[in-house]
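In: What follows is a predicted structure for the sequence shown.
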Amino acid sequence: MAESVGAHACIRCGNAVPEGSRFCPACGAAQTQAPREERRVVTVLFGDLSGFTELSEARDAEEVKAIVDRAFERITDIVERYGGHVDKIIGDEVMAVFGAPQAHEDDAERAVRAALVIQRALEEDSAELERERGIPLRMHIGLNTGEVVAGFVGGSDSYTVLGDAVNTARRIGDAADAGQILVGDATEEATRDAIEYRRIGQVTAKGKRVPVQVWEALAERGLPGERTVRTAPLIGREEELGMLDSLARIVRRDRRTMSATIVGEAGMGKSRLADEFARRISAQGVRVLNGRSLPYGTASPAFSIEEMLRAALVVDPASEPEAAATWVRDRLDTHGLAVEADRLLAFLGLGGAIPSRDGARSGVPRAALGGGRRPGLHPEDARRLASPPADPVPVPARASGAPPRLERRRRLGHDPDGAAAARPRRRDA
């Protein structure tokens, strides 16, 4: 990324910050004194457009530039959406870094997911280019995770990373075929629960003394942040579970909506506590719906409600939109909610704009997630439907960051139709 004179790279996002500025104009991060260089564990993505030389020979330079610009604009947007930083673009190559200057607990997963999205986006562009101009557009991508030196290397004001992990990522990318994503051992190990892989074997990488083990990334196994539900006993959280059980008893007894927020530092066991409570409450015959606002990607702010609504209506994720819309209408008619069909279908992305009851465009529909006054519960931290019985009115149990404590909040009043308003809350890493 080119930097203007009299500017330095933001310590969080890497964008140019004018000298003397206390805050980054792009992300708002305070520009405190940061070390000129530091060791970091990052995941590096190298992408190289396939057939660029042939394209440059066959087409006018301006046409080639327009094609490449469009491709790299989409790639940059995807990388930034997944929390990465485009380190440099040189000719037909792009290098992106996940974990510096801003780190996340799942940078390796973010990087591989971004690579998969990049390949799908380029596949769409390629189909259009081949149809209109007879030009295919492919990219081979390599990723590697490892320790690097990150910072303003060499006395310059450009933030970058250096180390063997960077060189290995590039060599892995060189070994990939057009449209293929190859990753190193460390990246595969960090993401095997989230990404489906095929073992390729060892490849000879230029400049490496020994062959490099690589894997091909095929597809995402689920949505970002999903984790395998643990079966080991939960120890030391009896007090917190007791508070949640108490709230659940009040909800079931009084047919009222309540909300619980689980707050704690990353790794304190918020998700584990929510999973255990969901397991216990579902064993009592309560239907558990799960929804979450994703930390990155393309989901809408109301995605958590969409997930719960689809689960309540038992919508098959693999269904075609027309079949899903027909199914939803039939289910709503069964529950006496046919009048809400257009609004709910629009909210689920199976219809047009969301109409209000007076015909104007509206926001989140007020219809009950299950159409009744029966109690239910949804931990917003995991995407899982537990125990299918009853129609739900959700009681949110939520995890986010901060010192560990359990907040208990009562929502005064309730929907006159018996519906609960489930509010999407952003998932923190």
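Out: Sure thing, it's come through.

In: Helices along the stretch 251-400 of the chain, start to end?
Out: Counting by DSSP state H, counting those that start in this stretch, the stretch 251-400 of the chain has helices at residues 270-282, 303-312, 321-334, 341-347.

In: CSV please, covering the ones you listed and showing mean pLDDT.
Out: Listed next are these as CSV, based on pLDDT from 0 to 100:
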stretch, mean pLDDT
helix 270-282, 88
helix 303-312, 82
helix 321-334, 87
helix 341-347, 85
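
In: To E189, which of these lies closest?
Out: helix 270-282 (21.1 Å; CB to CB). In short, each C-beta sits where N, CA and C put it, glycine included.

In: So which other helices or strands are in contact with the closest one?
Out: With contacts taken as 3 or more CB pairs under 8 Å, 6 or more residues apart in numbering; DSSP states H and E, helix 270-282 sits against helix 238-254, strand 258-263, strand 378-379, strand 396-400.

In: before we move on, back to that, winner for burial among the helices of the stretch 251-400 of the chain?
Out: Mean neighbour count (mean count of other CB atoms under 10 Å) peaks for helix 303-312 among the helices of the stretch 251-400 of the chain, with a mean of 23.

In: can you give me the angle it makes with helix 321-334?
Out: Angle, helix 303-312 to helix 321-334, by axes from the mean of the first three to the mean of the last three CA atoms, to 10 degrees: 70 degrees.

In: Of the helices and strands packed on helix 270-282, which stretch is the most buried?
Out: Most buried among the helices and strands packed on helix 270-282, counting by mean count of other CB under 10 Å: strand 378-379, with a mean of 32.

In: What average pLDDT does it get?
Out: Averaging pLDDT along strand 378-379 gives 43.

In: tally of neighbours for the nearest residue to D125 once chain neighbours are set aside?
Out: Nearest non-adjacent residue to D125, counting by CB to CB, 6 or more residues apart in numbering: L137, 5.5 Å away. Around L137 there are 24 other residues, counting by other CB atoms under 10 Å.

In: before we move on, what about the one 4 residues further on?
Out: Counted with other CB under 10 Å, the burial measure for I141 works out to 29 neighbours.

In: Check the secondary structure at it for me.
Out: strand (DSSP: H, G, I helix; E, B strand; the rest coil).

In: Please report the distance of it from R287.
Out: For I141, the distance to R287 (CB to CB, to the nearest Å) stands at 42 Å.

In: got it, and G163?
Out: For G163 relative to R287 (CB to CB), the value is 50 Å.

In: of the two, who's got more company?
Out: It is R287, of G163 and R287, that has more neighbours when counted by other CB under 10 Å, with 24 against 17.

In: Count the residues that sit near T160.
Out: By other CB under 10 Å, 23 other residues sit near T160.

In: My error: substitute S56 in the last question.
Out: There are 16 residues near S56, going by other CB under 10 Å.

In: how about the longest helix belonging to the chain: buried residues?
Out: Secondary structure of the chain per DSSP state H: the longest helix is helix 107-132. Neighbour counts over helix 107-132 (16 or more other CB atoms under 10 Å) mark 107-119, 121-122, 125-126, 129 as buried.

In: tell me what that helix is packed against?
Out: Other helices and strands packing on helix 107-132, by 3+ CB pairs under 8 Å, 6+ apart, are strand 37-50, helix 61-81, strand 93-98, strand 138-151, strand 181-184, helix 185-191, strand 195-203, strand 212-220.

In: Name every strand pairing with the third one and say which way it goes.
Out: When pairing is defined by DSSP bridges, strand 93-98 lines up against strand 37-50 (antiparallel), strand 85-90 (antiparallel).

In: follow-up on the earlier one: take the helices and strands packed on helix 107-132 and lay them out in a markdown table including mean pLDDT and distance to M243.
Out: Listed next are these as a markdown table, based on pLDDT from 0 to 100; distance: least, CB to CB, whole Å:
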| stretch | mean pLDDT | distance to M243 |
| --- | --- | --- |
| strand 37-50 | 91 | 37 |
| helix 61-81 | 89 | 37 |
| strand 93-98 | 95 | 37 |
| strand 138-151 | 93 | 39 |
| strand 181-184 | 96 | 43 |
| helix 185-191 | 95 | 35 |
| strand 195-203 | 93 | 37 |
| strand 212-220 | 94 | 35 |
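
In: Of those, which stretch is the most buried?
Out: For these, the highest mean count by mean count of other CB under 10 Å goes to strand 181-184, at a mean of 28.

In: right, and the helices and strands packed on helix 270-282 - which one's nearest A232?
Out: helix 238-254 (15.0 Å).
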